[in-house]
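A.B. asks: task: produce atomic coordinates for the following.
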Amino acid sequence: MELLDLKKETVRKDLGITEDFGRIHTSIDFGNVNYWFDEDRQDNDGVQLQESERLSIDLEKLKDFVGLFSEDARFYYGHDATKIGSLGFLKASRSIFGQHRIVTKPIQKVRHDLTLEEIPLNTRITRTDSRGTFVYLPKCNFDVEISVDAMRLLDTYDTFCLLSSDADFVRLLHFLKGRDKKTILIKGGRILHTLKDSANLVINAQDIKKYITIKKQKPDQNGQALADRKLVSTSRTIQKGP
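C.D. replies: Model (predicted):
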């Protein structure tokens, strides 16, 4: 057995991906996936991270990982044309995953009204009007694009694998199971039970971080990504209610 075949067999066994899953198509909702390890304080070997360190998803490792069990993988990510770093990331992702395996669109800026508790966490430029103090948060959902591709490519796979924790995909997973497709969900953190119960196999992000992450130094504005994540989470809770 060649080394690559051995690695494929080992990873699939480790994750519980058996042969009866057949041909697997993978969709990566990277805007969601990108936050999975923000709060991790240990590296892949269980060693405590330094205050100046963080875990970051490496695109080449991510591509190699999904290639161990997928016949095809597509990468969905929003870009900000006003930021050089965002365009550079998009160029790198196209080089790694392939020009025709990347689905992108411009990020939209959505108003979020700050509560008194959120103001100390905020690192963005604040604005004030008659409704109160607010910031603009980036938002770019790909549930429609991923769902359309999943249905359009229905005849090319036996199992649909989704890297996301977004509950908006519940209906898609139900649709696919109704078309005799198996589904695999790779998710980070806590998710709604309706999403978890919709999949044939659920894999926790912590079980794959050794395959897809690297240790990096935090940028100068190291609190921004986490603060944004907390603000978005709070906004969703407010919108959905208790």
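A.B. asks: leaving out the residues flanking it, which one is nearest to residue 167?
C.D. replies: Nearest residue to residue 167 in three dimensions, chain neighbours excluded: residue 192, at 4.5 Å (Cβ to Cβ, 6 or more residues apart in numbering). C-beta coordinates here come from the backbone N, C-alpha and C atoms, glycine included.
A.B. asks: from residue 130, how far out is that neighbour?
C.D. replies: 35 Å (Cβ to Cβ, to the nearest Å).
A.B. asks: repeat that for residue 109.
C.D. replies: Computed with Cβ to Cβ, the distance linking residue 109 and residue 130 is 20 Å.
A.B. asks: now do residue 97
C.D. replies: Distance of residue 97 to residue 130, computed by Cβ to Cβ: 46 Å.
A.B. asks: looking at those two, which has the bigger crowd around it?
C.D. replies: Here residue 97 and residue 130 are set side by side on neighbour count (other Cβ atoms under 10 Å), and the busier one is residue 97, at 20 against 4.
A.B. asks: now that one, nearest residue through space, not along the chain?
C.D. replies: Distances taken as Cβ to Cβ, 6+ apart place residue 75 nearest to residue 97, at 4.6 Å, with adjacent residues excluded.
A.B. asks: phi, psi of that neighbour?
C.D. replies: Main-chain dihedrals, residue 75, degrees, to the nearest 10: phi -120, psi 120.
A.B. asks: and it, what pLDDT?
C.D. replies: According to the model's per-residue confidence, residue 75 sits at a pLDDT of 98.
A.B. asks: so what sits opposite it in the bridge?
C.D. replies: Taking DSSP bridges, one finds residue 28, residue 102 as the beta-bridge partners of residue 75.
A.B. asks: wouldn't it be in contact with residue 33 here?
C.D. replies: No - Residue 75 sits out of contact with residue 33 when judged by Cβ atoms under 8 Å, with a separation of 9.7 Å.
A.B. asks: the more surrounded of these two?
C.D. replies: Neighbour tally, residue 75 and residue 33, criterion other Cβ under 10 Å: the higher count belongs to residue 75, 26 against 22.
A.B. asks: tell me the spacing between the residue nearest to residue 97 and residue 57.
C.D. replies: In this structure, residue 75 and residue 57 are separated by 11 Å, where distance is defined by Cβ to Cβ.
A.B. asks: try residue 33
C.D. replies: Separation of residue 33 from residue 57 (Cβ to Cβ) stands at 7 Å.
A.B. asks: could you do residue 46 as well?
C.D. replies: From residue 46 over to residue 57 the distance is 19 Å, taken as Cβ to Cβ.
A.B. asks: more crowded one of those two?
C.D. replies: Neighbour comparison, residue 46 and residue 57: the larger count goes to residue 57, with 18 against 6 (by other Cβ under 10 Å).
A.B. asks: surely the more buried one meets residue 213?
C.D. replies: Yes - between residue 57 and residue 213 there is a contact under Cβ under 8 Å: 5.8 Å.
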